[in-house]
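Engineer: The sequence and its predicted three-dimensional model are supplied below.
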Amino acid sequence: MMEKIIFEKTIFSLILIFLISSPAFSGQILTYPKSIEVVRGSNVSFNIFVSNTDETGNYTSWIVGEKYICQPTKLILKNGEVGNFKLTYISKDFQIGQKIINVAATKAPTVKINVLVLPNDRDKRIINDTFWHYTDEVNEIRDFISKDKNATSNGMFDLTNIVIAKLWNIDCNIKNGNYYEAYRILNDVKPQIMALKDYTKAPAQTKKSGQKTIYIIKSVK
């Protein structure tokens, strides 16, 4: 009998600790964008709607661990009321690509939003320069491969054609203004071009007078 009483007290204590330590949510983020796009270094605004399911209280909203602006900074919501916050995400991203931001509101569970960081104007110039740099390299590689008797049997001829097709896709994306996709394929094709260069042992080109410096943008890991 004593063991049963001790056991029941232990269970009661564990439940009490759980209730005390568990977060008490009396609010909810009702609507928010599942994904947003932002040009690297720029801002993007979106709305979230928050509900209050408790007594009257002050509500605020914020983006966790990022630069942001919130308008209004505070809302007083009664039980059952819904408020609208306009959040502005300030892109301080160093890299192009996809990431996740966490958006929170007072007494409400945090939600996740997918962010696609797009190339800015400087990034676009770098993408253009990188594309033409790769095109010049592949033209030299193709000349070498076309004269190599072993290129078909060892797969280098097929690899060259794959790289040429990817460069064609990059060119189409640039012309259509889809610089993010062009950037993504550039990062994908780079190791393949390096493999072809190692095979052909093509000498590194000397930088021509007036030629722009080529920067390769690192991809998001």
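Structural biologist: Thanks, I have it.

Engineer: Going by C-alpha atoms from here, please, whenever you check contacts or count neighbours.
Structural biologist: OK.

Engineer: hmm, who's touching stretch 113-128?
Structural biologist: The contact list for stretch 113-128 (Cα atoms under 8 Å, 6 or more residues apart in numbering) reads 33-41, 93, 95-103, 174, 179-180, 182-183, 214-217.

Engineer: same question for it, mean pLDDT?
Structural biologist: Averaged across stretch 113-128, pLDDT comes to 98.

Engineer: For the longest helix seen in the chain, which residues meet the burial criterion?
Structural biologist: Longest helix of the chain, by residue count under DSSP state H: helix 121-147. By 16 or more other Cα atoms under 10 Å, the buried positions in helix 121-147 come out as 123-124, 126-131, 134-135, 137-138, 141-142, 145.

Engineer: Determine which two of these are furthest apart.
Structural biologist: Asp123 and Ile145 (31.9 Å; Cα to Cα).

Engineer: out of the contacts of stretch 113-128, which are buried?
Structural biologist: Among the contacts of stretch 113-128, those classed as buried by 16+ other Cα under 10 Å are 38-40, 95-97, 103, 174, 179-180, 182-183, 216-217.

Engineer: so which of the residues you listed comes closest to Asn79?
Structural biologist: Val103 (22.0 Å).

Engineer: from the buried ones among the contacts of stretch 113-128, which two are the most distant?
Structural biologist: Val103 and Ile174 (33.3 Å).

Engineer: Which parts of the protein are helices?
Structural biologist: Assigned by DSSP H, the helices in the chain fall at 2-21, 121-147, 156-175, 179-200.

Engineer: JSON lines please, covering these and showing distance to Leu77.
Structural biologist: Below are the helices of the chain laid out as JSON lines (distance: least, Cα to Cα, whole Å):
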{"stretch": "helix 2-21", "distance to Leu77": "25"}
{"stretch": "helix 121-147", "distance to Leu77": "42"}
{"stretch": "helix 156-175", "distance to Leu77": "48"}
{"stretch": "helix 179-200", "distance to Leu77": "41"}
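
Engineer: and Gln71, which of the ones you listed is closest to it?
Structural biologist: That would be helix 121-147 among these, by Cα to Cα, at 28.7 Å.

Engineer: now the closest one against helix 179-200, angle please.
Structural biologist: If you take axes from the mean of the first three to the mean of the last three Cα atoms, to 10 degrees, helix 121-147 sits at 30 degrees to helix 179-200.

Engineer: and helix 121-147, how far out from the chain's middle?
Structural biologist: Helix 121-147 sits 26 Å away from the centroid of its parent chain (Cα atoms, centre = their mean, to the nearest Å).
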